[in-house]
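Enquirer: Provided below are the primary sequence and the corresponding predicted coordinates.
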Amino acid sequence: MRTARFGLDGFWRAFAGATHETSSPAEAPAAGAGNRRRQGGRASPAADAAARLTLHPPRRSSAVSGLVECVPNFSEGRDHKVIDTIAAAISAVEGAEVLDIDMGGETNRTVVTFVAPPATVGDAAFAGVARAAELIDMRAHAGAHPRMGATDVLPFVPVSGVTMDDCVAIAHATGERIGAELSIPVWFYEEAARSPEFRNLARVRTGEYEGLAERLGEGAPDAGPAKFNARSGATAVGAREFLIAWNINLNTRDRIYANELAYELRERGRWKRSS
């Protein structure tokens, strides 16, 4: 069986809660497709997040208006302690609230979703990236998902009281800080792209981690050093709207059918085929 995966921002998955995370045959991922964090009979992180949001909305000072979602993707999906430590660093920043943690064993990748006021969301994102740089060594990383760094992508999404332009400014400031303080090459993508060719994330990630040394030898990134960081790789920092996607289990191992579905559903359209 092949799983065609289309991701869903954790902000909305948190509200889906237990309904999204149930293990009914129609919703259960294929074997090895991902290992959501569960311990014993405890509810999933998304269900926990839904309950927290119902009883305790994200922390915000009465003097602060606006809310931004950030969805960092970390290149670690098997070691819970590493991800817990990264999530704790994010949560330690005032106003930041982690809503969802989605770990994937086969992809060796984790998507963390958090929200924070515009004044502190960049600090929370930087805290997560800095901790990931300490704990994740890309030289030992292997997984099924395209990636180029310990923090692979770092998108900012306007939720309320902020504009896309605000998120672009936050993305640029955070990306510049990552490059300057952590010596990690940064490219900006989607609405934050500084050149039209890099609006597409797939284009930004061309060559992935293994091709970074050669790529950086040919030209400088948008921020940070034009020098290969073997441990942390590079990071794509962006601003975008909400991402809506999901998993579909197909009763076949033929990738053609997954590609056909992707052509109909994905914003980017049909994947390139081999002749």
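Expert: Alright, I've got the coordinates.
Enquirer: only C-alpha atoms from now on, for both contacts and neighbour counts.
Expert: Noted.
Enquirer: where exactly do the strands run in the stretch 101-250 of the chain?
Expert: Secondary structure of the stretch 101-250 of the chain by DSSP state E, counting those that start in this stretch: the strands cover 109-116, 151-160, 186-190, 235-239, 247-250.
Enquirer: quick check: which helices or strands does the first one pack against?
Expert: The criterion is 3 or more CA pairs under 8 Å, 6 or more residues apart in numbering; DSSP states H and E, and the helices and strands that strand 109-116 contacts are helix 10-16, strand 67-70, strand 73-74, strand 97-104.
Enquirer: not counting sequence-adjacent ones, nearest residue to the spatially most central residue of the chain?
Expert: Most central in the chain under CA atoms, centre = their mean is N73, positioned 2.8 Å from the mean C-alpha point. Ranked by CA to CA, 6 or more residues apart in numbering and with sequence neighbours excluded, the top spatial neighbour of N73 is V111, at 4.5 Å.
Enquirer: so the one you found makes contact with M103?
Expert: Yes. Counting by CA atoms under 8 Å, M103 is a contact partner of V111 at 6.6 Å.
Enquirer: how much space between V71 and M103?
Expert: 13 Å (CA to CA, to the nearest Å).
Enquirer: what do these two both touch?
Expert: Residues touching both V71 and M103 (CA atoms under 8 Å, 6 or more residues apart in numbering) are V111.
Enquirer: list the contacts for R231?
Expert: Counting by CA under 8 Å, 6+ apart, R231 makes contact with 133, 136-139, 150.
Enquirer: need the helix or strand of this structure with the lowest average pLDDT.
Expert: The helix or strand of the chain with the poorest confidence is helix 18-21; it has a mean of 32 (mean pLDDT, DSSP states H and E).
Enquirer: and stretch 197-211, what's buried?
Expert: Within stretch 197-211, the residues that count as buried by 16 or more other CA atoms under 10 Å are 198-199, 201, 204-205, 207-210.
Enquirer: from those residues, which land in helices?
Expert: Applying DSSP state H to the buried residues of stretch 197-211, the entries found in helices are 201, 204.
Enquirer: between all of the buried residues of stretch 197-211, which two are separated the most?
Expert: The largest separation in the buried residues of stretch 197-211, counting by CA to CA, is between R199 and E210 at 21.5 Å.
Enquirer: sketch out the low-pLDDT regions of the protein for me.
Expert: 1-64, 245-247, 266-275 (pLDDT under 70).
Enquirer: need the residues that contact the lengthiest helix in it.
Expert: When the chain is parsed with DSSP H, its longest helix is helix 164-182. The list of residues contacting helix 164-182 from outside it, by CA under 8 Å, 6+ apart, reads 68, 118, 122-123, 125-126, 129-130, 133, 155-158, 184-188, 191-192, 223-225, 237-240.
Enquirer: what sits against the residue nearest to N73?
Expert: Counted by CA under 8 Å, 6+ apart, V111 has contacts 71-74, 100-103.
Enquirer: distance to T85 added to those, as JSON lines?
Expert: Shown next, in JSON lines, are these (distance: CA to CA, whole Å):
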{"residue": "V71", "distance to T85": "16"}
{"residue": "P72", "distance to T85": "14"}
{"residue": "N73", "distance to T85": "15"}
{"residue": "F74", "distance to T85": "12"}
{"residue": "D100", "distance to T85": "14"}
{"residue": "I101", "distance to T85": "12"}
{"residue": "D102", "distance to T85": "15"}
{"residue": "M103", "distance to T85": "14"}
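Enquirer: nearest residue to E190 other than its sequence neighbours?
Expert: Take E190 and drop its neighbours on the chain: the residue closest to it by CA to CA, 6+ apart is R199, 4.0 Å away.
Enquirer: where's that neighbour relative to L265, distance?
Expert: As defined by CA to CA, R199 lies at a distance of 19 Å from L265.
Enquirer: ok, now E106?
Expert: 23 Å.
Enquirer: comparing those two, which residue is more hemmed in?
Expert: Legend: neighbour count by other CA atoms under 10 Å for E106 and L265, higher for E106 (17 against 13).
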